[in-house]
Structure formats: C-alpha cells, structure tokens
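*Asks:* starting from these lines, generate the structure:
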Amino acid sequence: MRYDLSKIMKRAWQIKKEDERNIFGLCLKMAWEEAKSPKKSEKEILLDRLNEKAAEANSHDNGYHYNVYISNWENYGKSRTYFAIFETRENSKHNKKISYGYYDNQKLIYVPEKYNNLEKNFTVGGAMM
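*Replies:* Modelled structure (predicted):
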C-alpha cells in the first residue's frame, strides 16, 4: 500500500501546532497511525450511531427494550440498507418499529426519515439530546 508522505508530514505538523510541547517524533508517529488505520465508511458510522441510540435507550430501566434492526434490500436495479429500532415492552404485546431511513449503497448517501435522522442528536423517543 502506498501512503501520501506529504499528507502524513502535514498532519504531523498540525498535531505539533495544536500543542507546542508535543515532541515532533511522537506527532509523526501519531500521523502514521492515523494514515494506517482503516477509515470507517459512512454506513458503518450510521450503524454505530444507531447502536448508541439503542444502548442509551436500554440504559433506562422503564420496562421497554430496544433492538437494532438492519435489512438489506435489492430490487429494480437499486440496493439499499434500511435502519430501524424495534421497541418492545415486558409482559406486553407492545411492538413498535422506529424507522431511521436508508443508506443507498449505489449512490453512497444516507436518506433519513422525515422525523428520525441518525445524523442529528435525537434520542429514540425523538427528544433533543
């Protein structure tokens, strides 16, 4: 794999300028680690946000359980990944699906639902965080 040495050096100097007490050798090492680490795709970042929302909602002991649901759909020449959270309640038939839109796997863009958006800071219930 080839790395852009110019970008790595510029990033090392950025880290150095953030705090003048930084040792340049360590800044360079940090820049190399950033360059070598695999970048997360937007789809993976959205999935992480969805898992965080469900985990936060599950942390409240109110009898509700939140499970992440991801489904892949391919048809009519399109490919999408849909994001949702299912809300259930103990000792009840309560079952609610909260949709968060989809990720277009061909255009590589996220299309949110009207009221539920993974790119904004909202809780599962819709309250602003």
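*Asks:* in a helix, K10, correct?
*Replies:* Yes - the assignment for K10 is a helix, going by DSSP: H, G, I helix; E, B strand; the rest coil.
*Asks:* please begin residue numbering at 132 from this point
*Replies:* Sounds good: first residue 132 from here, last item K141.
*Asks:* please read off the pLDDT at it from the model.
*Replies:* Per-residue confidence (pLDDT) for K141: 92.
*Asks:* OK, contacts around it?
*Replies:* If a contact means Cβ atoms under 8 Å, 6 or more residues apart in numbering, then K141 has no contacts. Backbone N, C-alpha and C define where each C-beta goes, glycine included.
*Asks:* tell me which element the spatially most central residue of the chain falls in.
*Replies:* Centroid-nearest residue in the chain, with Cα atoms, centre = their mean: I176, separated by 2.3 Å. Here I176 sits within helix 173-189, counting by DSSP states H and E.
*Asks:* and that helix, what does it pack onto?
*Replies:* strand 195-206, strand 209-220, strand 226-235, strand 240-242 (3 or more Cβ pairs under 8 Å, 6 or more residues apart in numbering; DSSP states H and E).
*Asks:* who touches the first one?
*Replies:* Right, the one you point to is strand 195-206. 178, 181-182, 184-185, 188-189, 210-221, 225, 228, 233, 255.
*Asks:* before we move on, the earlier item: export the helices and strands packed on helix 173-189 as CSV, with columns for mean neighbour count.
*Replies:* Listed next are the helices and strands packed on helix 173-189 as CSV, based on neighbours: other Cβ atoms under 10 Å:
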stretch, mean neighbour count
strand 195-206, 13
strand 209-220, 16
strand 226-235, 17
strand 240-242, 14
